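Undergrad: Okay, sequence plus prediction incoming.
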Amino acid sequence: MAFKDIFKDKNDYNEKTIVGFMSFSVMSIAALADVVTGIMGQELIISDTIFNSFVIITLGAFGIAETGKAVNNVWGKKDKSNEEELG
């Protein structure tokens, strides 16, 4: 699969989960850097607006992905990944 195929409507990747994971990774790296610099006795200044933006993106991306799965299950649409795991 080519990189450009990720952006097509029909693909095997869940873009919302990818964005949520990337946002969570950046947030985790910033928190870890803050702890490390705190141990070293220095203050790491991270803008609250930027950090809160990553929190909102993470929660929003994972929330949208899970809500989509729940809605599909309620409306009777089968999730291909669940079918493959079960059978």
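TA: Yes, it's here. Residues are numbered from 1 along each chain as shown.
Undergrad: Which strands or helices does the helix or strand harbouring M27 pack on?
TA: Assigned by DSSP states H and E, M27 belongs to helix 15-39. Helix 15-39 is packed against helix 48-74, with contacts defined by 3 or more CB pairs under 8 Å, 6 or more residues apart in numbering; DSSP states H and E. Any C-beta I mention is one placed from the backbone N, CA and C, and that applies to glycine too.
Undergrad: Rounded mean pLDDT for the helix holding M27, please.
TA: Per-residue pLDDT over helix 15-39 has a mean of 89.
Undergrad: Specify the angle between that helix and helix 48-74 in degrees.
TA: Angle of helix 15-39 versus helix 48-74, following axes from the mean of the first three to the mean of the last three CA atoms, to 10 degrees, is 150 degrees.
Undergrad: What lies in contact with helix 15-39?
TA: With contact meaning CB atoms under 8 Å, 6 or more residues apart in numbering, helix 15-39 is reached by 6, 43-44, 46, 51, 54-55, 57-58, 60-62, 64-65, 68.
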